[in-house]
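**Student:** let me see the structure of the following:
(one chain, ligands or ions: 2)
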Amino acid sequence: MTKETLWQTILAQIQLNISEANFATWFKNTAIISKEKERILVSVPNSFAKEWIENKYRKTILKIIRSQDPAIKKIDFVVGKTKIKKENVVLTDSENERSEQLELNLRQDKTGLNPRYTFENFIVGSFNELAHAAAWAVSENPGLVYNPLFIYGKVGLGKTHLLQAIGNEINKRFPQKRLKYISAEILTSGIVSSIKNRTIEKFKASHRKIDVLIVDDIQFLAGKEKTQEEFFHIFNTLYQGQKQIVLSSDRPPKAIPALAERLRSRFEGGMIADISYPDLETRIAILKAKSQEKKTQVPDQVYEFLASTIQTNIRELEGALNKVILYQKTRNKKISLTETKALLKELTAPPLKKITPQKIIQTVAEFYDLKEKDIISNSRRKEVVKPRQIAMYLLREKLQSSYPFIARKLGGKDHTTAIYAFKKISEELERDENLEKDLNLIWIRLSNV
Ligand code: ADP
Ligand code: MG
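**Tutor:** Numbers count the residues shown, from 1 in each chain. Ligands and ions are numbered 1, 2, ... in the order given. As a prediction, this is how the structure comes out:
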């Protein structure tokens, strides 16, 4: 495998594992510079991207690389103006567009919108017809038709795309309206930190000035009482002022666990629209439209094969298509069905293990509104000890980590501490229903990221 093909393969895999927007922002503009025996060197467009990729994606990338070439032990990134050959890039956009994308992402805190997601490139079929119609109506008359608009559906089926499209459309039609798109996760951390810094009143005041508030993945509020309470107040003010609220979730309001009754009934008070799975015909239409966007085509049989193999996730469908397109581009000929099958075998190889020790620690910390460093500290405070024990329990129970490993991960404690924690939580689980609920919530959260 040449170094270029290696990097292409890696990119295609990364693309399947992260959101489209993140991929476009962080990876489209990367290229492989060199491949030595144990190390590869990759150029990235600027130091911000370098830091981001190193902190967030280094591990994932390494895992993927190892699955391709086990000899490689290390990956380094350099900021470089290396001229990137077109064929090294999975989705070929102009350099300009790419840096704009980065710019936008940096400025995202203002509206949070990504211009890539519009109604124009959102494909409608019976599976998402209702959600689309409601979204469109809201964009035409924000605050006046369906409030709140609550859209739910499984992962990769277009919720974020649709929410963003609403935002972009309103921005276009009513540029004077103050608009904010935010994921519930970011909103939560905003609320938590402003409570800590005693700036929550200011935080709420700034959110009360918004005309259109779009909150993605609201199921994230499950079990977060304090955040729910503050959000309830923001919601009410906006609602009473006839400001538009749009929410998305991976399940309907009544199925979100540990959601305060008053919030649930608010969520149910407007319009609820679901997105289900696209049928075969629609999946083919989506593939064709996406190829057209990229100004290319693949053989009909290939569309059919992709659409019949990947049934439940549009993001994965797109990832597979990108890989096929890249294959055609690098070889300068149409791909055959046999070649597609071979390619796809790679794609459907066992998924990267998504749940890592790090993720567990992070998620437990978040769940209890703690910082990661608190959990791995030596603090004996009750609020910290319990979550720490829960993290230890999950590492053992779910990942079968060894006790010394667990102790090390949690800040270098003695392995007997880990054994004790596991035993204690196991026993408590027998009699404490709330603890069981907490653990379930944490687990749902971990399995969904
Ligand atoms: P979700 O938020 O539900 O997990 P996303 O909105 O992130 O899903 O969609 C995943 C990918 O699939 C995105 O790249 C998005 O553009 C694409 N996608 C989803 N639904 C559609 C659609 N109806 N038409 C075109 N692209 C879509
Ligand atoms: Mg989403």
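**Student:** would you mind giving the domain segments of this protein?
**Tutor:** Using automatic domain parsing, the domain parsing of the chain gives 3-107, 129-275, 280-348, 357-447.
**Student:** any idea which of the ones you listed is most buried?
**Tutor:** Stretch with highest mean neighbour count among the domains of the chain: domain 129-275 (a mean of 19; mean count of other CB atoms under 10 Å). (Each C-beta comes from the backbone N, C-alpha and C, glycine too.)
**Student:** quick one: end-to-end length of it, please.
**Tutor:** End-to-end distance for domain 129-275: 8 Å, by CA to CA, to the nearest Å.
**Student:** so for it, mean pLDDT?
**Tutor:** For domain 129-275, mean pLDDT rounds to 95.
**Student:** touching ligand 2 at all, it?
**Tutor:** Yes. Domain 129-275 is in contact with ligand 2 by CB under 5 Å from the ion, via Lys159, Thr160.
**Student:** picking up where we left off before, right, and the domains of the chain - which one's nearest Ile123?
**Tutor:** domain 280-348 (5.1 Å; CB to CB).
**Student:** wait, does the closest one contact ligand 2?
**Tutor:** No. Interface with ligand 2: domain 280-348 contributes nothing (CB under 5 Å from the ion), its closest point being 9.0 Å away.
**Student:** now the domains of the chain as a markdown table including distance to ligand 1?
**Tutor:** Below are those laid out as a markdown table (distance: least, CB to the nearest ligand atom, whole Å):
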| stretch | distance to ligand 1 |
| --- | --- |
| domain 3-107 | 4 |
| domain 129-275 | 3 |
| domain 280-348 | 4 |
| domain 357-447 | 14 |
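**Student:** the ones you listed: which one's closest to Asn121?
**Tutor:** domain 280-348 (6.5 Å).
**Student:** quick one on the thing from earlier: need the domains of the chain in a markdown table with distance to Asn114, can you?
**Tutor:** Compiled in a markdown table, the domains of the chain are given as follows (distance: least, CB to CB, whole Å):
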| stretch | distance to Asn114 |
| --- | --- |
| domain 3-107 | 5 |
| domain 129-275 | 6 |
| domain 280-348 | 15 |
| domain 357-447 | 24 |
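**Student:** could you list every residue that touches the residue lying closest to Gly80 once chain neighbours are set aside?
**Tutor:** With sequence-adjacent residues excluded and distances taken as CB to CB, 6 or more residues apart in numbering, Gly80 is closest to Ser43, at 3.6 Å. Listed by CB atoms under 8 Å, 6 or more residues apart in numbering, the contact set of Ser43 reads Thr30, Ala31, Ile32, Ile33, Phe77, Val78, Val79, Gly80, Thr82, Ile84.
**Student:** secondary structure element for Ser43?
**Tutor:** strand 39-44 (DSSP states H and E).
**Student:** following the helix or strand hosting Lys290, which helix or strand comes up?
**Tutor:** Using DSSP H and E, Lys290 sits in helix 280-293. Proceeding N to C from helix 280-293, the next assigned helix or strand is helix 300-309, under DSSP H and E.
**Student:** which helix of this structure spans the most residues?
**Tutor:** Identified as the longest helix of the chain according to DSSP state H is helix 47-68.
**Student:** which other helices and strands does it contact?
**Tutor:** Here helix 47-68 touches helix 3-17, helix 20-26, strand 39-44, strand 74-79, helix 95-107, going by 3 or more CB pairs under 8 Å, 6 or more residues apart in numbering; DSSP states H and E.
**Student:** can you flag the weakest of these by average pLDDT?
**Tutor:** Taking the mean pLDDT of the helices and strands packed on helix 47-68, helix 95-107 comes last: a mean of 42.
**Student:** contacts for whichever helix or strand comes after that one?
**Tutor:** Helices and strands here follow DSSP H and E; after helix 95-107, the next one along the chain is helix 129-140. Helix 129-140 has contacts (CB under 8 Å, 6+ apart) with 119, 122, 124, 145-146, 149, 151, 153, 162-163, 165-166, 169-170, 173, 244, 246, 271, 273-275.
**Student:** in helices, which of those fall?
**Tutor:** Per DSSP H, the contacts of helix 129-140 map to helices at Leu162, Leu163, Ala165, Ile166, Glu169, Ile170, Arg173.
**Student:** check the spacing between the closest residue to the last one other than its chain neighbours and Leu11 real quick.
**Tutor:** What it means is Arg173. Once flanking residues are discounted, Arg173 sits nearest to Ser139: 7.0 Å by CB to CB, 6+ apart. Distance from Ser139 to Leu11, counting by CB to CB, to the nearest Å: 34 Å.
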